[in-house]
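Asks: What follows is a predicted structure for the sequence shown.
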Amino acid sequence: MSEKMNSALLPVCTVKVQIDRPLGSAHPNYPDLIYPVNYGFIPGLYAPDGEEQDAYVLGLDAPVESFTGERIAVIYRTDDVETKWVVVPAGLRLSAAQIMEQVHFQERFFQSSAVLCFEPEALGFCQKLTKREVRRALDALPRGYKTADLDRLIASYVRQKADVSALRDSILAEQDMHRIYFYVNLKQMRDVRARMTFIHENLLFSDWWHTDQLISFVAALPFDEALSYAKGYLHSENPFIRRWGYVLFISRLGRRHAAELLPLMKNDEAYYVRMGEAWLIAELAIDEPEAVHAWMAENDLHYDVNGKAIQKICDSFRISSVWKEAFKALRPVCRARG
């Protein structure tokens, strides 16, 4: 089994599937392929291939239009970027062999394997916290507390293996709850793909700061996998998700990948997205100044992106004075293009 399959480590969770190929229907491109199960997608949740996440619904004996159940496994393909979720009625559990038998009609064309999700209680949570309990702990912090004070509280919850899932509905409205929810969950995960999946399933950002604080958690993700996610994020209607599609590479994850990342830059209407692009451009210039300089001399980005990137390059202590002067010389060129 590949490393990708070994590292799934995803929890059983409740999801809603929109069925577009009901049990008994034919494949739209291969009419001889009849679906013996219901098959659909998770609306609004995008998979690494840039499409909405596909899902097999097992355990039903009749076609349905939609279904809410529990994700109990993920099917990985070693010869394809797509993954398939396996969703069943609440409480039903199937072995990996039973799953593969039921999806053989389609997975026989790929090198596939099912990885079972773990039950949340398998994490060994010692305490399921309520929002009221967390708020009480926050109120006990020093008046005007700082991020360091909040992080000490987070560290105590991590040591307790606390379950903070009850905070999810509050994180867009309360900044401190947002940091607690993400950090406590992510710090209890040791696998980088599990962390990325958690972030992907919780793309809940109310400002730019909430996206930027997550960069370090996915720095060890394989570049190609991160790029697949990012290409989907850049088409989101939410500007902070689009910003995340750029800033997730501002770490060792993006180093020496200017050739793949610079073509993703575009004239986004959202200020914080453009500033995320400028930040990434400057970061890429640290290791590949020649490539970034040549690209900046010819790109069609608005000056606020190029200009901000040049400013950040000139402020960086990791870029030589010679290259800083070379980038400064591009200012009039970029400004002339608008």
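Replies: Okay, I see it.
Asks: How about residues contacting stretch 277-284?
Replies: Taking CB atoms under 8 Å, 6 or more residues apart in numbering as the criterion, the residues outside stretch 277-284 that touch it are 246-247, 249-250, 254, 257-258, 261-262, 265-266, 268, 291-292, 296, 301, 304-306, 308-309, 311-313, 316. Bear in mind the C-beta positions are built from the backbone N, C-alpha and C, glycine included.
Asks: If we use 6 Å, what do you get?
Replies: Tyr246, Phe249, Ile250, Ala258, Met265, Val292, Val305, Lys308, Ala309, Lys312, Ile313 (CB atoms under 6 Å, 6 or more residues apart in numbering).
Asks: where does the residue nearest to Ile171 when sequence neighbours are not counted fall, helix, sheet strand or coil?
Replies: By the measure of CB to CB, 6 or more residues apart in numbering, the closest residue to Ile171 outside its immediate chain neighbours is His178, 4.0 Å from it. Under the three-state scheme (DSSP: H, G, I helix; E, B strand; the rest coil), the conformation of His178 reads as helix.
Asks: Run a quick neighbour tally on His178.
Replies: His178: 23 surrounding residues under other CB atoms under 10 Å.
Asks: so how far is Asn267 from Phe327?
Replies: Taking CB to CB, to the nearest Å as the measure, Phe327 falls 20 Å from Asn267.
Asks: More neighbours: which of the two?
Replies: Under the neighbour definition other CB under 10 Å, Phe327 and Asn267 were set side by side, and Phe327 has more, 24 against 14.
Asks: Check for me that the more buried one belongs to a helix.
Replies: Yes. Assigned with three-state DSSP, Phe327 falls within a helix.
Asks: which ones are touching it?
Replies: The neighbours of Phe327, taking CB under 6 Å, 6+ apart as the test, are Ile310, Ile313.
Asks: gap between it and Val292?
Replies: 8 Å.
Asks: for Gly276, same thing?
Replies: According to CB to CB, Gly276 and Val292 sit 16 Å apart.
Asks: Mind checking which of those two has more residues around it?
Replies: Set side by side, Gly276 and Val292 give different neighbour counts by other CB under 10 Å, the larger being at Gly276 (27 against 24).
Asks: Break the protein into its domains for me.
Replies: Here the chain is described, according to automatic domain parsing, as comprising the domains 3-120, 124-188, 206-337.
Asks: Output the contacting helices and strands for the longest strand that the chain contains.
Replies: Ranked by residue count under DSSP state E, the longest strand found in the chain is strand 66-77. Contacts defined by 3 or more CB pairs under 6 Å, 6 or more residues apart in numbering; DSSP states H and E place strand 66-77 against strand 13-21, strand 83-88, strand 112-116.
Asks: now the angle from the first one to strand 83-88?
Replies: What that stands for is strand 13-21. With axes from the mean of the first three to the mean of the last three CA atoms, to 10 degrees defining the directions, strand 13-21 sits at 100 degrees from strand 83-88.
Asks: can you give me the end-to-end distance of stretch 69-85?
Replies: Taking CA to CA, to the nearest Å, stretch 69-85 runs 11 Å from one end to the other.
Asks: Go through that stretch and flag the buried ones.
Replies: Neighbour counts using 16 or more other CB atoms under 10 Å place Gly69, Glu70, Arg71, Ile72, Ala73, Val74, Ile75, Tyr76, Arg77, Thr83, Lys84, Trp85 of stretch 69-85 among the buried residues.
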